[in-house]
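[1] fold the stuff below for me.
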Amino acid sequence: MPSDHLSSVLSALADPTRRGMLARLATGEATVTELAQPYDMSMAAISKHLKVLEKAGLIERSREAQYRPCKLTPEPLAEIDDWLGKYRRLWEARLDRLDNYLKLLQKKERDD
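    Okay, the predicted model is just below:
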């Protein structure tokens with residue numbers, strides 16, 4: 001079981017069903033029934049997926065009488081983007097250095 005928040009969020013995002021549910025919630029609130037509609041699985045399985053998303057902080061569920069709307073909470077996704085951004089910047093810098101080196105080699109070849 002993931003012990004840190006980042007691992008919990010990444011684990012939740014690893015499943016295509018949960019990513020699909022998040023994509024649906026990106027368009028607005030939805031009930032559990034609405035989220036379950038595109039999937040051929042039991043409501044118990046849908047509920048388990050929603051619990052994983054909720055535990056990771058990716059969704060919030062509320063209760064209004066019999067209506068149980070779910071909504072996306074984007075903050076954990078921003079945390080993932082920040083974490084990935086560090087590596088993106090690292091690789092972009094490395095590729096820029098490689099590009100400069102290749103241009104230097106090409107210039108040397110032309111000069112020879």
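[2] hey, let's count contacts and neighbours off CA atoms from now on
    Noted.
[3] pretty sure Val9 is touching Glu54, no?
    No - Val9 is beyond contact range of Glu54, at 9.8 Å (criterion: C-alpha atoms under 8 Å).
[4] more neighbours: which of the two?
    Val9 (22 against 19; other C-alpha atoms under 10 Å).
[5] that one sits in which helix or strand?
    helix 5-13 (DSSP states H and E).
[6] buried residues in that helix?
    If you call a residue buried by 16 or more other C-alpha atoms under 10 Å, then helix 5-13 has these buried ones: Leu6, Ser8, Val9, Ala12, Leu13.
[7] may I have it as PDB, with CA atoms only?
    What follows is helix 5-13, C-alpha atoms only, in PDB (Å, rounded to 0.1, in the frame of the first residue of the first chain):
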ATOM      1  CA  HIS A   5       0.600  11.000  -1.000                       C
ATOM      2  CA  LEU A   6       2.500  11.100  -4.300                       C
ATOM      3  CA  SER A   7       2.500   7.200  -4.500                       C
ATOM      4  CA  SER A   8      -1.200   7.100  -3.600                       C
ATOM      5  CA  VAL A   9      -2.100   9.500  -6.400                       C
ATOM      6  CA  LEU A  10       0.100   7.700  -9.000                       C
ATOM      7  CA  SER A  11      -1.400   4.400  -7.900                       C
ATOM      8  CA  ALA A  12      -4.900   5.700  -8.400                       C
ATOM      9  CA  LEU A  13      -4.000   7.100 -11.800                       C
END
